[in-house]
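Engineer: return atomic coordinates for the entry below.
(2 chains)
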Protein chains: 2
Amino acid sequence: MSGDVFQFRLTHTDGGARCGVMTTAHGRVATPAFMPVGTQGAVKGVAHKDLESIGAEILLSNTYHLYLRPGDDLIARRGGLHRFIGWNKPILTDSGGYQVFSLSERRTITEEGARFRSHLDGSSHLLTPEKAADIQAQLGSDVAMVLDECLAYPATPEAAAASSSRTTRWAQRARTRMSQLRDGPVDDVIVTNAGQAQFGIVQGSVFPALREQSAHDTVAIGFEGYAIGGLSVGEPIDVMYELVAHTTPHLPIDRPRYLMGTGTPEDLVEAVARGIDLFDCVLPTRNARNGQLFTSEGRINIKNVRYAEDDRPVDPSCNCYTCRTHSRAYLRHLYATGEINAATLNTLHNLSFYLDTLSRIRDAIAFGRFESFRLAFHQRLSRQSGGFEPPE
Amino acid sequence: MSGDVFQFRLTHTDGGARCGVMTTAHGRVATPAFMPVGTQGAVKGVAHKDLESIGAEILLSNTYHLYLRPGDDLIARRGGLHRFIGWNKPILTDSGGYQVFSLSERRTITEEGARFRSHLDGSSHLLTPEKAADIQAQLGSDVAMVLDECLAYPATPEAAAASSSRTTRWAQRARTRMSQLRDGPVDDVIVTNAGQAQFGIVQGSVFPALREQSAHDTVAIGFEGYAIGGLSVGEPIDVMYELVAHTTPHLPIDRPRYLMGTGTPEDLVEAVARGIDLFDCVLPTRNARNGQLFTSEGRINIKNVRYAEDDRPVDPSCNCYTCRTHSRAYLRHLYATGEINAATLNTLHNLSFYLDTLSRIRDAIAFGRFESFRLAFHQRLSRQSGGFEPPE
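Structural biologist: Model (predicted):
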């Protein structure tokens, strides 16, 4: 077994922005790419076929949730996550660390790992770098993430330095475990995807020097790709952009770069400008369920009474099923009456908007017009006071 | 304006069973047909495109709900229900009466109509036969139903007789109103579908003589089609079958016959055998949301732990998207974790099963093999103890 299945090839660059093709055990992904979040092995409210129809090439799924329910053992017995959920394209799994830090109860971090109690039933669990690798080996995702320590914002430089260096030590342990898993049987772990890649994660809070050190140390270990973690956690938006710009030059040109948990459509454009290739975020899906819809001219809140008799589509320049078929008036009615279809149709639109934005980004880069695209993108948004509709 | 757009043509008969084509202002419906219920103008959890893909040719929508939210005036200003909800095929609307009887608070029935308070905000409303016709004219459904009195079961013969004759008087008023609406402007009612048909409803509780009288009186008024109401309200199943068999011979051969609010797949087969052409029921959609799935060998409850590691599709002989793509194990996981997708995928399957059953019924009738189909259908179901899985 080896990680050779996984490949990344740059096809175009335009300033700091890059286009590429990421090849995985379950097919290719054109980058820059957005990964819809399928927490429990399903993108809430959207069938796989609809995800494919709007151009989703890779899903993100959450190790923490799947480990607790239905359990990675059960999924491994089914042949892995792809077969269990019926999705044959690439999947990236996180390490579970983020949810341990944000969802679980009474967590304690030691050098060994993170001990926590399940938010579901209070049961006690220990997540170590090795365990996170084992679970993901059983899930058989195409890209596994190393366990990292997710530091809250703000943090002191001392706390950030300690946390960041622990993340580096954990990354080394995760990589060692990955090698063992690739080389042969490890305990009773069922490796369901021999072509699984593993990405390291750069931490360091908002301190450029720590970010640089973390990038250097993580690259020294050597992974198939690199993520920037610990951003979009409350720091000012400009700080995030600065840190991304400061970090990407310290990552290998020929490996994919993944900005975790970000962000708004504007964030995606700005991060691409700074050399990012992969994104995931719950914003399009979660906001859809709350009635907030992304459009090329800003966000609209479909529950707003102003849309009660608005026969226009959500976004006249969008070609998704929701926009082709339904009016704002109907979507508002569905939301107001609490229909499931409000969630499904809104989510389909928001994900379409995100995926379409990435598609247009890729085209712009390929044609060497990314800067003009970026300018036009922001100008169009700013027509509607900062991209947000005025309050009622 | 006229009702001439609406046509019904029988194409095959086989014993008491009939195949036909119902032509409406929004296209044709092959009968016998099942109408998925889209209470608020949406079939809960299923996009219109998916309804079309599984063969739905006509939807039922609820006047009571649409009248209260978003209001028939708003829908009329949008050009009617088809345009408002983005569904271009036939729609049948009920009169609102059933919900007034089952959902609303403090309802009082007089000869004039039904006064009730909204279950949403307690506001007071009066639904008369004329008002029910006006609302449906504004909705612009292809088939409108007359307002009838929905009697609870059991009822005394005297109460049933009084109620049934009131329904007849209401039917006459509804028909008179329909003529006025067809002839020209009525008050400020916006007629959004000039080709709307109107069906009368036979009542009479469980008393054959009353059913016969009601059928006679309703047919004497003259409608484009006839429904049998007030069944599937708690009476024994054999009594329902008997009453259907007793009533259909008193309805015109050349008009569609609609058995309201029924039923199980077995009920559909048995009612078709007794000459019914149209059905609606919340069973496939509501039960799907509760995890109960219909299969050719009986019902299964997907939350059952026995399905946790069951890699088979819900129904191996079903060709729906859910069965082609997902295992029972995955569907159980989605249900157990409370994912929206449990509702959407389960509903898609149950409706597919219903629509496919109707399709096979039509084929059997067309080939003169309905009796052998009926026998095989029941035999297959009875393989699994009465069509239900044994309890845990």
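Engineer: now do stretch A:78-90: distance to the chain's middle.
Structural biologist: Its chain's C-alpha centre and that of stretch A:78-90 lie 18 Å apart, by Cα atoms, centre = their mean, to the nearest Å.
Engineer: helix or strand with the lowest mean pLDDT in chain A?
Structural biologist: Lowest mean confidence among the helices and strands of chain A (mean pLDDT, DSSP states H and E): strand A:105-109, at a mean of 87.
Engineer: what's in contact with that strand?
Structural biologist: A:100, A:101, A:114, A:115, A:116, A:117, A:118, A:119, A:122, A:149 (Cβ atoms under 8 Å, 6 or more residues apart in numbering or on different chains). C-beta here means a position set from N, CA and C on the backbone, and glycine is covered the same way.
Engineer: recalculate using a threshold of 10 Å.
Structural biologist: A:97, A:100-101, A:114-119, A:122, A:124-127, A:149-150, A:163, A:166 (Cβ atoms under 10 Å, 6 or more residues apart in numbering or on different chains).
Engineer: give me the buried entries from the residues you listed.
Structural biologist: Buried members of the contacts of strand A:105-109, scored by 16 or more other Cβ atoms under 10 Å in any protein chain shown, are A:97, A:100-101, A:114-116, A:118, A:125, A:127, A:149-150, A:163, A:166.
Engineer: and of those, the nearest to residue B:357?
Structural biologist: Of all these, residue A:118 has the smallest distance to residue B:357: 42.5 Å, by Cβ to Cβ.
Engineer: what pLDDT does the nearest residue to residue A:349 once chain neighbours are set aside get?
Structural biologist: Leaving out its chain neighbours, the residue that sits closest to residue A:349 by Cβ to Cβ, 6 or more residues apart in numbering or on different chains is residue A:322, at 4.1 Å. Residue A:322 is assigned 98 on the pLDDT scale.
Engineer: measure the one residue sitting closest to the centre of chain A to chain B for me?
Structural biologist: Nearest to the mean C-alpha position of chain A, counting by Cα atoms, centre = their mean, stands residue A:280 at 2.0 Å. Separation of residue A:280 from chain B (Cβ to the nearest Cβ, to the nearest Å): 18 Å.
Engineer: what of residue A:330?
Structural biologist: For residue A:330 relative to chain B (Cβ to the nearest Cβ), the value is 6 Å.
Engineer: residue contacts, residue A:130?
Structural biologist: If a contact means Cβ under 10 Å, 6+ apart, then residue A:130 has A:112-113, A:147, A:170, A:173-174, A:176-178, A:180-181, A:186-187, A:189 as its contacts.
Engineer: and it, what element?
Structural biologist: helix A:129-139 (DSSP states H and E).
Engineer: any weak-confidence spans in chain A?
Structural biologist: A:1-3, A:384-392 (pLDDT under 70).
Engineer: for it, identify the residue most remote from the centre.
Structural biologist: Chain A, farthest from centre, Cα atoms, centre = their mean: residue A:309 at 36.0 Å.
Engineer: burial count for the nearest residue in space to that one that is not next to it in sequence?
Structural biologist: Distance criterion Cβ to Cβ, 6+ apart; nearest residue to residue A:309, sequence neighbours excluded, is residue A:329 at 5.6 Å. The number of residues packed near residue A:329 is 23, by other Cβ atoms under 10 Å in any protein chain shown.
Engineer: span of stretch A:151-164 from start to end?
Structural biologist: Using Cα to Cα, to the nearest Å, the end-to-end distance of stretch A:151-164 comes to 9 Å.
Engineer: list the buried residues in that stretch.
Structural biologist: Buried, per 16+ other Cβ under 10 Å, within stretch A:151-164: A:151, A:155, A:160, A:161, A:163, A:164.
Engineer: also stretch A:27-43?
Structural biologist: A:29-43.
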